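[1] following is a predicted model, sequence given first.
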Amino acid sequence: MPIYEFYCEDCNTIFNFFSSSVNTTRRPLCPRCKQKKLKRQMSAFARLAGAKEGGDIDDMLIDESKMEKAMNLLAREADRINEDDPRQAVGLMRKLSNAAGVGLGPGMEEALTRMEAGEDPEQVEAEMGDLLDQEEPFMLVEKKGRRAKKSKPHRDETLYDL
């Protein structure tokens, strides 16, 4: 039984909704202003590195439609990859991060670039393993040309029915 998070831009508030079944299409009205259909968000546990405290909600959460697109891409292309060719795996990793709207951390970027250049993945792992373990591999991509950011959204702790 899932709990979904929705955001109201007018109220700058995140609301939690309980659903007795998986419901990927329903968009409730804002419980506070009762005027705006809410925008569904990936739950807070899915926040990634690069989300700045106090930033705009769109900078802090993954766009669920982009994540769904990335997962569909993975399902279509994973079986076609030659596991003995690390360049193909790197290419898929880059496609997935682009489709999901996330960037790669600097260590992950360096590791993938080295593998694209033909270096042995095991050697790259041996040399960079500690660095890669210490950093977040993915980060949200900053959106360009935005207006002034809103303050950090309020979290309504009430659990509403979807």
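    Cool, the structure landed. Numbering: from 1, shown residues only.

[2] now the element after the helix or strand of the chain with the lowest mean pLDDT, going C-ward?
    Scoring the helices and strands of the chain by mean pLDDT, DSSP states H and E places helix 57-60 at the bottom, with a mean of 42. The first helix or strand that comes after helix 57-60 along the chain, using DSSP states H and E, is helix 64-77.

[3] tell me what that following helix is packed against?
    helix 86-100 (3 or more CB pairs under 8 Å, 6 or more residues apart in numbering; DSSP states H and E). Placement of C-beta: from N, CA and C, glycine included.

[4] and the helix it packs on, how far out from the chain middle?
    With CA atoms, centre = their mean, to the nearest Å as the basis, helix 86-100 stands 15 Å off its chain's centre.

[5] as PDB, could you dump the C-alpha coordinates of that helix?
    What follows is helix 86-100, C-alpha atoms only, in PDB (Å, rounded to 0.1, in the frame of the first residue of the first chain):
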ATOM      1  CA  PRO A  86      32.500  -2.000 -20.900                       C
ATOM      2  CA  ARG A  87      31.900   0.800 -23.400                       C
ATOM      3  CA  GLN A  88      28.400  -0.500 -24.100                       C
ATOM      4  CA  ALA A  89      27.700  -0.500 -20.400                       C
ATOM      5  CA  VAL A  90      29.100   3.000 -20.000                       C
ATOM      6  CA  GLY A  91      26.900   4.200 -22.900                       C
ATOM      7  CA  LEU A  92      23.800   2.700 -21.300                       C
ATOM      8  CA  MET A  93      24.700   4.400 -18.000                       C
ATOM      9  CA  ARG A  94      25.000   7.800 -19.700                       C
ATOM     10  CA  LYS A  95      21.700   7.300 -21.500                       C
ATOM     11  CA  LEU A  96      20.000   6.300 -18.200                       C
ATOM     12  CA  SER A  97      21.400   9.400 -16.300                       C
ATOM     13  CA  ASN A  98      20.300  11.700 -19.100                       C
ATOM     14  CA  ALA A  99      16.800  10.100 -19.400                       C
ATOM     15  CA  ALA A 100      16.400  10.300 -15.600                       C
END
